[in-house]
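> sharing a model prediction with you, sequence too.
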Amino acid sequence: GQLDLPGVYNLAYGSFNRPTSFQSESRIRSIYAFTNLGFKDYLFLDLTYRNDWSSNLSEDVWSFAYPSASMSFVLSDAVSLPNVISFAKIRGAASQGASDLEPYLLSPTYAIGRGFLNVISTSTPSILLDAKIKPEFVVSQEIGLDLKMFNNRVGVELAVYNKTITDQILDLPVPGASGYNFKKVNAGEVESKGFELMVSGTPVQTSDFQWNIVVNYATNETKLINLVDGVERLFLQNDASSRAIRIVADEGQPFGDIYGRDYQRDDNEKIIVDASGIPIKGAEKNTLIGNTQQDFTMGFINDFTYRGINFGFLIDWKQGGQFYSQSMANMHNFGTASGTLAYREGGLIVDGVTEDGVTNTAAITSQQYWNAVAGYEPVASEFIYDATSIRLREAYISYSLPQNVVSKTPFNSLSVGVTARNLWLIKSEIPGIDPETSFSVSNARGWENGGFPSTKVYGFNINVGF
């Protein structure tokens, strides 16, 4: 067909506009260098350097570098250690990474679309761009220790790390009077630090049977160090996404603080009720009611091999953190949650005070209570839950055919197996809802709203070797 908009080569602007297309071009030129140094087979140093020139940035800042250095000292090869230690290594690394813009984000352009009666129209940009935007940098440091003991039957790996992101490329909200919704800026410094530990072992090993265990433990804390002058809060999720809560990163505070309504309270933290005895909601969503970051994560892997049969499973444990459940807020409002069963007979007296400061003595029904504090504009603090979960993440079994059978085929090896994932949610603090179900795919995890149950996945595999 013909182009309805001459010079714009996009299928959406042709006379037959059902297909759509998109094309962008950018260019990155790079240099890369590396060197590997060793001393007496126990001290090693690796150095790398990469520099990119990106067409997505202005010429003043389009060059950025990625240096890295890592060193390892194999202690077991350098000095004599007790016989129980089979291998020991100390390691450290530091690196810098960077990222740039997507194409065509240095100067404003009009968006082309089709409006009423299929008429081609243009719209003004909603993001104020900055032609001098700089690349975003990530600086990482890590130190660690690797140990193997008892003839490699037991292994220990531990690491401590720190990662700092600077000049983050963010879209920050601006007043509507500016004609834009957001401004693209270099802003912010985010620090993540944590600890990782892995212990592995082989408790049983015979000619026919072997049992291997791996235990992983990790912690991570992410904190917003600063944003940009005049801005102290970054909304990871705001009112555009939920009428109940806000998930934010405040300057100097951990990432993922959850703010929402609490009950209206007096100076002694007593709930204030109206003349009928119904609790009054706070007017603003300005109460800190939780944080999405977890205390730690753990994994337990057990792997068993008996002759040609291999069986194993992974148990996943995530401890701590909170999340808000809009599903539970709605179910309590509709009276379908088990929490609404209490006080249906006889009613309840809310432990609080009237607006005059007098102790509340008025009884209300369960329906009156939950209609007041639940729903789409709830007392959000009522529906914050512990995100702890323990689950059987994966299980598998396979069988490798004996070599005397495989030798009669064109293959060197042949095995068949079955795998399954998300088989069993062993523990959850909120029955019927998976804490991993997040309504948002952004940084604002910690908000559940009508999430689907986790999907069980089953697979069958055949592995052949030639």
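That came in fine, so what should we check first?
> for the stretch 1-150 of the chain, just list every one of the helices.
For the stretch 1-150 of the chain, the helices defined by DSSP state H, counting those that start in this stretch occupy 75-78.
> please report the distance of Leu170 from Gly188.
To Gly188, Leu170 is 6 Å away according to Cβ to Cβ, to the nearest Å. Quick note: C-beta positions are derived from backbone N, CA and C, even for glycine.
> so the two - more neighbours on which side?
Neighbours were counted for Leu170 and for Gly188 using other Cβ atoms under 10 Å; Gly188 has more, 22 against 17.
> can you check what pLDDT the model gives the more buried one?
Gly188 carries a pLDDT value of 84.
> that one contacts Thr222, correct?
No. The criterion here is Cβ atoms under 8 Å, and Gly188 misses it with Thr222 at 12.0 Å.
> where does the protein have low pLDDT?
Scanning the chain for pLDDT under 70 picks out the ranges 1, 3, 12-21, 238-242, 438-444.
> so what sits against both of Leu170 and Gly188?
Between them, Leu170 and Gly188 share these contacting residues under Cβ atoms under 8 Å, 6 or more residues apart in numbering: Leu234.
> break down the stretch 301-450 of the chain into its strands, ranges please.
Counting by DSSP state E, counting those that start in this stretch, the stretch 301-450 of the chain has strands at residues 309-319, 322-325, 352-354, 384-386, 389-400, 413-428, 447-448.
> so which of those strands is nearest Ala244?
For Ala244, the closest of the strands of the stretch 301-450 of the chain is strand 322-325, at 6.6 Å, according to Cβ to Cβ.
> packing partners for that closest one?
Packing partners of strand 322-325 (3 or more Cβ pairs under 8 Å, 6 or more residues apart in numbering; DSSP states H and E): strand 257-260, strand 287-291, strand 384-386, strand 447-448.
> export these to JSON lines and tack on mean neighbour count and distance to Leu314?
Output for the helices and strands packed on strand 322-325, formatted as JSON lines (neighbours: other Cβ atoms under 10 Å; distance: least, Cβ to Cβ, whole Å):
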{"stretch": "strand 257-260", "mean neighbour count": "24", "distance to Leu314": "29"}
{"stretch": "strand 287-291", "mean neighbour count": "18", "distance to Leu314": "27"}
{"stretch": "strand 384-386", "mean neighbour count": "17", "distance to Leu314": "22"}
{"stretch": "strand 447-448", "mean neighbour count": "24", "distance to Leu314": "24"}
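> now those strands in a markdown table, with distance to Ala131?
Below are these laid out as a markdown table (distance: least, Cβ to Cβ, whole Å):
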| stretch | distance to Ala131 |
| --- | --- |
| strand 257-260 | 34 |
| strand 287-291 | 37 |
| strand 384-386 | 43 |
| strand 447-448 | 35 |
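> among those, single out whichever gets nearest to Phe116.
Comparison of the helices and strands packed on strand 322-325 against Phe116 by Cβ to Cβ identifies strand 447-448 as nearest, at 35.3 Å.
> partner strands of the closest one and their direction?
Here strand 447-448 has these sheet partners by DSSP bridges: strand 322-325 (parallel).
> convert the C-alpha atoms of the partner strand to PDB, please.
C-alpha atoms of strand 322-325 as PDB (Å, rounded to 0.1, in the frame of the first residue of the first chain):
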ATOM      1  CA  GLN A 322       6.800  -6.900  54.200                       C
ATOM      2  CA  PHE A 323       4.200  -6.600  51.400                       C
ATOM      3  CA  TYR A 324       0.800  -5.100  51.100                       C
ATOM      4  CA  SER A 325      -2.100  -7.200  49.900                       C
END
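> buried sites along that strand?
Within strand 322-325, the residues that count as buried by 16 or more other Cβ atoms under 10 Å are 322-325.
> and stretch 145-155, by the same measure?
Residues 146-149, 154-155 are the ones in stretch 145-155 that count as buried (16+ other Cβ under 10 Å).
> measure how far stretch 314-324 is from the centre of its chain, please.
In terms of Cα atoms, centre = their mean, to the nearest Å, the centre of stretch 314-324 is set 12 Å apart from its chain centre.
> show residues contacting it.
In contact with stretch 314-324 (Cβ under 8 Å, 6+ apart) are residues 242, 244-245, 258, 260, 289-301, 380, 383-395, 426, 435-436, 438, 445-448.
> for Tyr263, which non-adjacent residue is closest in space?
Using Cβ to Cβ, 6 or more residues apart in numbering and skipping the chain neighbours, the partner closest in space to Tyr263 is Ile271 (4.4 Å).
> nearest to Val8, out of the helices and strands packed on strand 322-325?
Between these, strand 447-448 lies closest to Val8; by Cβ to Cβ that is 39.4 Å.
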